[in-house]
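S.K.: Could you look at this predicted model? Sequence included:
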Amino acid sequence: MAVLDWMATHQAAVVAIAGAVMAVAATAHVLVVPRLPRSAAGWLALIWLSPILGPVLYVLLGINRIERKAASLRAEAGAPDDAPGEPAPPPVALDGAPHLAALASAGDRVIRRALAPGNRVEPLVDGDEAFPAMLEAIAGARASVTLLSYLFDGDEVGQRFVDALAAARARGVEVRVLIDAAGVRYHRPRASDLLRRAGVPVALFLPIRRAFPRYWNLRNHRKVLVVDGVRAFTGGVNVRRHHWLALSPPEPVHDLHFALEGPVVAQLQRVFVDDWEFTTGEHLHGAPWFAPLASCGEVAARVITEGPDDESDPLPWTILTALAVARHRVRVVTPYFLPDPPFVAGLEVAALRGVTVDVVIPERTNFGFVDAAVRGGLWQLQDHGVRIWRTPAPFDHAKLMTVDGQWTLLGSANWDPRSMRLNFELDVEAYDAALTARVDALIDARIARAARFDRAELDQRSRLRRLADGAANVIQPYL
């Protein structure tokens, strides 16, 4: 009783002691867990400048609770990244670009998936080409359909997918749908509710619980559709009306998706299977989820996954290696351009070596504070020959990279800290001159309607704008 009375009369001291204990405990965790120095310094500053709020935010946002669970599931499953029973693909000969063999070799070490030859990869422009192709594939499904999406709205486009998936289910096709728990909240009615009412098995990745939202900052940004284990779609397109420009959406979004066939489809299916098991505990293996996959094209490809469950950082290392081996031309298309210092250095070094480096970004994104952060960091790339192009509206959401007309990187990841450290992302690296030529043509079309960004525009900003842009860029590691 005396202790309680003392606490009641010395509330300020109690709060101070509690704050100090929390700050010390959080500091110890920051220093013990390996992380980038800049990130650690930022957390330490927040913890000690706000001894109560800082530790609470660190517990909610700064602790990786995902990697241990994912590693446990991978050990239990014991499944390889390729379809069960399939032999490893033979080594790939890169006759058209022997200097890219170093990139492929680095990928063998950091990606831990085999580079699979014999694939066909077809670009699909906007939802106008992607959605009809995806719906047609679902309508023709005979064995299985797996769909993973960050955003899945319950709008008219989402309803078409719900109807197609329900019809497939009614035909006896095995269907599984995985939606990010944050992404499903962007629209009402929620697509997950529509799917459940239609009898389609659906799960939410890392549900957000109000009492203690431990995972709300770690989101699954991947987009994958696999039909019958033989045909797949991936890229940047979410299931929502914004991407179908022919419907005249109020907020139109340009994007790019890809249809894939061949051995790489097994790797895409494996990603869905792992994410589904991580979420639900159900292990999908063998038929009807996987099927024999024959060579059907000239593209050598493999899947690259990035996420907080894997600290080996395969995607950043792949990008940095691609910049290092480039000889002639590098092109990057990204909606959110907030590169970490190693990427800035990689782009600048490539340009200094005489490589033509083009970065294509939107004139405006869908987030004003991101635009400010982008402007606050562009000065780093203006003095060494990196060309920045800004495309007018509609907002361009595509994520692409090409090197020397021979190598293409496509998928869901943006050039920002969130994609490289916090989100679960999926990209595909593809070695093929014909495919890269088609992607480069799409990039050429973007550059043709873009305005080149120059240093004078930065210098002409008002002091208030410079202050706002600089402040936004300082916090860009947390965007």
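M.R.: Looks like it came in fine. Numbers count the residues shown, from 1 in each chain.
S.K.: Please make it C-alpha for all contacts and neighbour counts, starting now.
M.R.: Will do.
S.K.: what's the average pLDDT for stretch 113-125?
M.R.: Looking at stretch 113-125 alone, the average pLDDT works out to 97.
S.K.: Show me the contact partners of it.
M.R.: Residues outside stretch 113-125 that contact it (CA atoms under 8 Å, 6 or more residues apart in numbering): 81, 88-92, 104, 108, 130, 254-264, 294-304, 435, 438-439.
S.K.: Among the residues you listed, which are located in helices?
M.R.: Taking DSSP state H as the definition of helices, the contacts of stretch 113-125 contribute 104, 108, 130, 264, 435, 438, 439.
S.K.: Out of those, who's the most crowded?
M.R.: For the ones in helices among the contacts of stretch 113-125, counting by other CA atoms under 10 Å, the largest number of neighbours falls to residue 264: 32 neighbours.
S.K.: I'd say that one and residue 301 touch.
M.R.: Yes: the pair residue 264 and residue 301 qualifies as a contact (CA atoms under 8 Å) at a distance of 6.3 Å.
S.K.: mind checking how far whichever strand or helix holds residue 373 is from the chain centre?
M.R.: For residue 373, the element it lies in under DSSP states H and E is helix 368-377. Distance, stretch centre to chain centre, for helix 368-377: 20 Å (CA atoms, centre = their mean, to the nearest Å).
S.K.: Flag every buried residue along it.
M.R.: If you call a residue buried by 16 or more other CA atoms under 10 Å, then helix 368-377 has these buried ones: 369, 370, 371, 372, 373, 374, 375, 376, 377.
S.K.: What helices and strands are in contact with the helix or strand following that helix?
M.R.: Along the chain past helix 368-377, the next helix or strand (assigned with DSSP H and E) turns out to be strand 387-391. Strand 387-391 sits against strand 356-362, helix 433-448, strand 451-453, with contacts defined as 3 or more CA pairs under 8 Å, 6 or more residues apart in numbering; DSSP states H and E.
S.K.: now the second one against strand 387-391, angle please.
M.R.: This points to helix 433-448. Here the directions of helix 433-448 and strand 387-391 differ by 70 degrees (axes from the mean of the first three to the mean of the last three CA atoms, to 10 degrees).
S.K.: just how off-centre is helix 433-448 within its chain?
M.R.: Using CA atoms, centre = their mean, the mean C-alpha position of helix 433-448 is found 21 Å from that of the whole chain.
S.K.: again, but for the shortest one
M.R.: Averaged C-alpha coordinates place strand 451-453 at 26 Å from its chain's average position (CA atoms, centre = their mean).
S.K.: Run through the neighbouring helices and strands of it.
M.R.: strand 387-391.
S.K.: Tell me the strands beside the strand it packs on, with direction?
M.R.: Looking at strand 387-391 with DSSP bridges, its partner strands are strand 356-362 (parallel), strand 451-453 (antiparallel).
S.K.: pLDDT averaged over the shortest one - what is it?
M.R.: Read that as strand 451-453. 92.
S.K.: contacts for it?
M.R.: Applying CA under 8 Å, 6+ apart, the external contacts of strand 451-453 come out as 387, 388, 389, 390, 391.
S.K.: ditto for stretch 133-142
M.R.: Applying CA under 8 Å, 6+ apart, the external contacts of stretch 133-142 come out as 145, 160-161, 164-165, 167-168, 172-173, 225, 227-228, 233.
S.K.: What of stretch 152-170?
M.R.: 135, 138-139, 141-142, 145, 174-175, 179, 183-184, 186-191, 194-195, 198-200, 238-241.
S.K.: Just the buried residues of that stretch, please?
M.R.: 152-155, 157-159, 161-169.
S.K.: if we take those, which one ends up nearest to residue 204?
M.R.: For those, the residue nearest residue 204 by CA to CA is residue 152; the value is 11.0 Å.
S.K.: Please consider this matter closed, and thank you.
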